[in-house]
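Colleague: generate a structure from the sequence data that follows.
(one chain, ligands or ions: 1)
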Amino acid sequence: MTSAQDIRPRKDDLAAQAQYFSTSPNASFHSPSSHGSALTRTIPLPNAKHLKPFATEDIKVLLLENVNQTGRDILSQQGYQVEFLKSSLPEDQLIEKIRDVHVIGIRSKTKLSARVLKEAKNLIVIGCFCIGTNQVDLQYAADHGIAVFNSPFSNSRSVAELVIAEIIVLARQLGDRSNEMHAGTWNKVSNGCWEIRGKTLGIIGYGHIGAQLSVLAESMGLSVIFYDVVNLMALGSARQVDSMEAFLSEADFVSCHVPELPETKGMIGAKQFEQMKKGSYLINASRGTVVDIPALIDAMRSGKLAGAALDVYPNEPAGNGDYFNSELNSWGADLRSLKNLILSPHIGGSTEEAQSAIGVEVAQALTRYVNEGTTLGAVNLPEVALRSLTMDEPDHARVIYIHQNIPGVLRKVNEIIGDHNVDKQMTDSRGDVAYLMADISNVNTTQIKDLYTSLESLPSRIQTRILY
Ligand SMILES: NC(=O)c1ccc[n+]([C@@H]2O[C@H](COP(=O)([O-])OP(=O)(O)OC[C@H]3O[C@@H](n4cnc5c(N)ncnc54)[C@H](O)[C@@H]3O)[C@@H](O)[C@H]2O)c1
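Modeller: Now for the predicted structure:
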């Protein structure tokens, strides 16, 4: 699809940009997700050579749904042709536009179905400037060599800050006092209202959000314990507790920060509420399925819990409006009737800062993919990266061969590139699709074109790109 051409110097320095976004401080050593892999620590060399698949002005980018300015700026600064639209497009218009572009940036409203992607003959990469990727047919994209990136961790700090606020609001029954004042009632009470200093916060899931919360909570005078399936380095004076029962019996506040998995479904239910301290508090800003809501309602009514905060629900409406009712979730009315229960509409990560960080993270992933072929953080392709080529390696080229994961492919590819010196090579597979990246030396433009043609003619080929 893309042919090899001369490159010109890039207008800015990707490595410099990379410094103004960083993931959670502990991301590199303990998250079980791919973001914690050694690959994420691949740091561009200072004299890294700037690779391009073809002249930058030929890269066409379509950004829909008012993608944040930070992301738009990074892509424009690359010299790409960036078209920006504030809204999503009806499917027919989307199909017209997508035929032409190499890169598309969307948020949650644009549906990139197989029908739409079938028309996207030039598309090499999709950026979801949001957390979820349900709106994209990931398998179709992978099968056609289209990488998909998102931004799962840019809002970790926003969630952690919301939880800190909720801890104080619950301890002081502030939600109820505010509701009463809105109804014209003056109700000055101190009974059952507490400082948080010296209390114990129990964090379930010590990942990106849990670890941020741990640091913030200690600075507010809370003691922190955490429970996680992985053995983790505790931050500050936090302490990992191995047994869930011991953990629950020690915490004054329990806050859930686990992913949605079969093992985490209903992980806080009647038995766990029983094990919690009388008068303790529960916070769930993770996923709606993690807490058994009818059991929570019972624990609140019996006085076992002194309060709770929910930001997420098993069923959430698709848009804003009058939808938080018993039709959506059968226990909706029971929940709304409870005292000292904070209900928020999945806003844990909804801040201006998170949007801006998402813009940077996704735009950088797109740029790295287009310019260097790196798939770190891709949600539908294997994660492959090689250290950068340097300015001291003028006659080198980077071969990227996305192919079907079937026996015998590597032998055929190596027959093609094997006449050159292969300085470094990496290949990995994910399901039916494999991604090979190799840096080869002593190649001239004619040889690069021959390599490209030979690789494109292999029956296993999904997509070939050569960068130099
Ligand atoms: N409310 C919001 O707006 C909002 C925003 C962002 C993320 N989230 C949700 O917050 C949750 C945490 O996100 P994160 O970025 O910190 O995730 P993460 O992947 O960085 O961390 C999750 C942690 O949970 C641990 N874990 C997994 N299974 C477990 C189990 N059964 N028991 C105990 N620990 C377990 C993992 O080992 C990991 O340390 C996710 O569910 C995410 O969807 C919500």
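
Colleague: tell me which parts of the stretch 201-350 of the chain are close to the ligand?
Modeller: Residues of the stretch 201-350 of the chain lying close to the ligand (Cβ under 6 Å from any ligand atom) are 204-210, 227-230, 257-261, 263-264, 285-287, 311-312, 346, 348-349. The C-beta positions use only the backbone N, C-alpha and C, and glycine is treated the same way.

Colleague: OK, contacts around the residue in the stretch 51-200 of the chain that the ligand sits nearest to?
Modeller: Nearest residue of the stretch 51-200 of the chain to the ligand, counting by Cβ to the nearest ligand atom: Val159, 4.7 Å away. Contact analysis of Val159 by Cβ atoms under 8 Å, 6 or more residues apart in numbering lists 209, 212-213, 257, 285, 348-349.

Colleague: nearest spatial neighbour of it, chain-adjacent residues omitted?
Modeller: Gly348 (3.9 Å; Cβ to Cβ, 6 or more residues apart in numbering).

Colleague: quick check: that neighbour touching Asn155?
Modeller: Yes. Under the criterion of Cβ atoms under 8 Å, Gly348 makes contact with Asn155 at 7.3 Å.

Colleague: tell me, how many residues neighbour the residue in the stretch 101-250 of the chain positioned nearest to the ligand?
Modeller: Residue nearest to the ligand within the stretch 101-250 of the chain: Gly207 (1.7 Å; Cβ to the nearest ligand atom). Neighbour count of Gly207, defined by other Cβ atoms under 10 Å: 26.

Colleague: could you pull out the strands for the stretch 51-200 of the chain?
Modeller: 60-63, 81-84, 103-106, 125-128, 147-149, 200-204 (DSSP state E, counting those that start in this stretch).

Colleague: other residues contacting stretch 131-142?
Modeller: Under Cβ under 8 Å, 6+ apart, the answer for stretch 131-142 is 106, 108-114, 117-118, 126, 128, 147-148, 150-152, 155, 349, 379-381, 430-433.

Colleague: buried subset of these?
Modeller: With neighbours counted by 16 or more other Cβ atoms under 10 Å, the contacts of stretch 131-142 contain buried members at 106, 108, 110, 112, 117, 126, 128, 147-148, 150-152, 155, 349, 379-381, 430, 433.

Colleague: for the spatially closest residue to Val409 that is not a sequence neighbour, give me the pLDDT.
Modeller: For Val409, ignoring the flanking residues on the chain, the nearest one in space by Cβ to Cβ, 6+ apart is Ser460 at 4.5 Å. At Ser460, the pLDDT value in this model is 97.

Colleague: and Ser460, what is it in contact with?
Modeller: 403-404, 406, 409, 412.

Colleague: among these, name the buried ones.
Modeller: 403, 409.

Colleague: of all the contacts of Ser460, which two lie farthest apart?
Modeller: Gln404 and Lys412 (11.7 Å; Cβ to Cβ).

Colleague: do you know the pLDDT at Asp58?
Modeller: For Asp58, the predicted pLDDT is 81.

Colleague: tell me the contacts of it?
Modeller: Contacts of Asp58 (Cβ under 8 Å, 6+ apart): Gln81.

Colleague: hmm, back to that, can you tell me how far the residue nearest to Val409 is from the ligand?
Modeller: 34 Å (Cβ to the nearest ligand atom, to the nearest Å).

Colleague: same question, Leu381
Modeller: 20 Å.

Colleague: pop the domain breakdown of this structure in here.
Modeller: 15-153+352-394, 157-343 (automatic domain parsing).

Colleague: backbone phi and psi for Leu282, please?
Modeller: phi -120, psi 140 (degrees, to the nearest 10).

Colleague: secondary structure class for Val215?
Modeller: Of the three states, Val215 takes helix under DSSP: H, G, I helix; E, B strand; the rest coil.

Colleague: pLDDT score for it?
Modeller: pLDDT, Val215: 98.

Colleague: now do Trp186
Modeller: 98.

Colleague: what's the burial count for it?
Modeller: Trp186, neighbours per other Cβ under 10 Å, totals 7.

Colleague: with Asp92 instead?
Modeller: Neighbours around Asp92, by other Cβ under 10 Å: 9.

Colleague: quick one: residues contacting it.
Modeller: Asp92 neighbours (Cβ under 8 Å, 6+ apart): none.

Colleague: now do it, the pLDDT please.
Modeller: At Asp92, pLDDT is 94.

Colleague: I figured Thr70 hits Val362, correct?
Modeller: No. Taking Cβ under 8 Å as the definition, Thr70 is not a contact partner of Val362, at 9.5 Å.

Colleague: more neighbours, these two?
Modeller: Val362 (29 against 20).

Colleague: tell me the SS of Ala211?
Modeller: Taking three-state DSSP, the label given to Ala211 is helix.

Colleague: thinking again about what came up before, adding distance to Val443, write the domains of the chain out as CSV.
Modeller: Converted to CSV, the domains of the chain look like this (distance: least, Cβ to Cβ, whole Å):
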stretch, distance to Val443
domain 15-153+352-394, 10
domain 157-343, 41
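
Colleague: any idea how many residues pack against the residue lying closest to Ala120 once chain neighbours are set aside?
Modeller: For Ala120, ignoring the flanking residues on the chain, the nearest one in space by Cβ to Cβ, 6+ apart is Ile98 at 4.4 Å. Residues within reach of Ile98, counting by other Cβ under 10 Å, total 23.

Colleague: for the ligand, what's the nearest residue on the stretch 351-468 of the chain?
Modeller: Ala354 (8.3 Å).

Colleague: that's a helix at that residue, yeah?
Modeller: Yes. According to three-state DSSP, the state of Ala354 is that of a helix.

Colleague: show the backbone phi and psi for the nearest residue to Ala48 once chain neighbours are set aside.
Modeller: Closest residue to Ala48 apart from its sequence neighbours, by Cβ to Cβ, 6+ apart: Ser388 at 3.6 Å. The phi and psi values for Ser388, taken as degrees, to the nearest 10, are phi -60, psi 150.

Colleague: one more: Gly132?
Modeller: phi -80, psi 160.

Colleague: run a quick neighbour tally on it.
Modeller: Residues near Gly132, counting by other Cβ under 10 Å: 12.

Colleague: can you offset everything so residue one is 28?
Modeller: Sounds good: first residue 28 from here, last item Gly159.

Colleague: state the distance from it to Pro372.
Modeller: 16 Å (Cβ to Cβ, to the nearest Å).

Colleague: how about the contacts made by Leu478?
Modeller: So Leu478 contacts 424, 426, 443-444, 470, 493 (Cβ under 8 Å, 6+ apart).

Colleague: and with 7 Å instead?
Modeller: When contacts are counted by Cβ atoms under 7 Å, 6 or more residues apart in numbering, Leu478 touches 426, 443-444, 493.

Colleague: of the residues you listed, buried ones?
Modeller: Here, 16+ other Cβ under 10 Å leaves 426, 443-444, 493 buried among the contacts of Leu478.

Colleague: what's the most distant pair in those?
Modeller: Ile443 and Ile493 (11.6 Å).

Colleague: correct me, but the residue nearest to Ala147 touches Glu146?
Modeller: Yes. With contact defined as Cβ atoms under 7 Å, Ile125 counts as touching Glu146 (6.0 Å).

Colleague: who touches both of the two?
Modeller: By Cβ under 7 Å, 6+ apart, Ile125 and Glu146 have no common neighbours.
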